[in-house]
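Undergrad: predicted model, plus sequence, below.
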Amino acid sequence: MFSRLRRRDGRQGEPVAFAAGAGLVSARLHDEAGNPLAGGEMVLRHRRSRRATRTVSDDFGLAVVTAATGTYDVTVSSGGYREARHTVDVVTGDHTSLGDIELHPDASVRLPGPGRWVIDPDHTSIRFVARHIGLSRVHGRFTRFHGSIHVDEQIENSSIEVVIDAASIDTAAEKRDEHLRSPDFLDVERFPKIHFFSQGVQRAAGDRWHIDGTLNLRGASRGVRLDASYLGLRSWNGDRLGAVATAELHREDFTINWQQTLAKGLVVVGSTIELRFDVQAVRGV
């Protein structure tokens, strides 16, 4: 079966196929200023079975999902915004549009006040993921690091610094860790520290921020953008803030060029490394 999504100019777009016994639901998510919200989540929960169907909005704020016939409670959410709720009846072979859904800022998510916030290593993790022979993902972490966040009166002028002990790399495999510490990879004897410092903080949408900075790794300095989500403030053994930040690195940019190739040109270690920082920081310690 086919349905057609309408474009923003009102004209019909390309036909969209979906299974018999199902219908299509769509919505366009935007913020209070009319800007599209990418990465927002739309969840349809069946009134009777409570089975949930999820989708995420694209770069233009469009969320589209196929669901079995029935009545659904719909929640639409995006970090830093209040949740919106709707009800929709999904009809076999039909397309139901919820239209434009405006999400409003969640005032309960307060930004941190000015001052110095110190990263708590006991409640912070720095992790990475790399591909191995195109089959699996190897997960690792660094166990020793320190850093701080300096929040400015004007939040865009805030700064972040993190220093990592390169030798603390841990992938739960001793021989692999020894190889990663060697000159083939991190060369920790010559370059014992991995250093990141920010040069700008820019709000993207809701709780999402862009943090532009410089990463010094294995003696090479390169510009890096962290995509961050601010999680808010809590009081527990002091005032604390939480955030999650991710980045994608290409190890060749830092002269980490070691490689082996299997048959048919398949490489042993992928060139792209995914980084993830789960951060708690304490005020003024």
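TA: Done, it's in.
Undergrad: need the pLDDT of the closest residue to Arg283 other than its chain neighbours.
TA: Take Arg283 and drop its neighbours on the chain: the residue closest to it by CB to CB, 6 or more residues apart in numbering is Asp239, 4.2 Å away. C-betas here are computed from N, CA, C, even on glycine. On the pLDDT scale, Asp239 is placed at 92.
Undergrad: thought Asp239 was touching Ala281?
TA: No - using CB atoms under 8 Å, Asp239 is not in contact with Ala281, being 9.4 Å away.
Undergrad: okay, those two: which has more neighbours?
TA: Between Asp239 and Ala281, Ala281 has the larger neighbour count (other CB atoms under 10 Å), namely 24 against 17.
Undergrad: what do Asp239 and Ala281 both touch?
TA: Both Asp239 and Ala281 lack any common contact, where contact means CB atoms under 8 Å, 6 or more residues apart in numbering.
Undergrad: give me every residue that touches Val74.
TA: 25, 42-45, 85-88, 98.
Undergrad: for Thr71, that is, sorry about that
TA: Thr71 neighbours (CB under 8 Å, 6+ apart): 46-48, 87-90.
Undergrad: pull out the buried members of the contacts of Val74.
TA: In the contacts of Val74, burial by neighbour count holds for 25, 42-44, 86, 88, 98, counting by 16 or more other CB atoms under 10 Å.
Undergrad: between all of the residues you listed, which two are at the greatest distance?
TA: Val43 and Leu98 (12.6 Å; CB to CB).
Undergrad: and Arg176, that one's in a strand?
TA: No - with DSSP: H, G, I helix; E, B strand; the rest coil as the criterion, Arg176 is helix rather than part of a strand.
Undergrad: dump stretch 157-171 to PDB, keeping only the CA atoms.
TA: Once non-C-alpha atoms are left out, stretch 157-171 reads as follows in PDB (Å, rounded to 0.1, in the frame of the first residue of the first chain):
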ATOM      1  CA  ASN A 157      32.000  32.300  26.800                       C
ATOM      2  CA  SER A 158      32.300  29.300  29.100                       C
ATOM      3  CA  SER A 159      35.200  27.000  28.700                       C
ATOM      4  CA  ILE A 160      36.000  23.300  29.300                       C
ATOM      5  CA  GLU A 161      39.300  21.500  29.800                       C
ATOM      6  CA  VAL A 162      39.900  17.700  30.200                       C
ATOM      7  CA  VAL A 163      43.200  15.900  30.600                       C
ATOM      8  CA  ILE A 164      43.300  12.200  30.200                       C
ATOM      9  CA  ASP A 165      46.100   9.800  31.200                       C
ATOM     10  CA  ALA A 166      46.700   7.900  27.900                       C
ATOM     11  CA  ALA A 167      48.100   4.900  29.600                       C
ATOM     12  CA  SER A 168      44.800   4.300  31.500                       C
ATOM     13  CA  ILE A 169      43.200   2.900  28.300                       C
ATOM     14  CA  ASP A 170      41.200  -0.200  29.100                       C
ATOM     15  CA  THR A 171      39.400  -2.500  26.600                       C
END
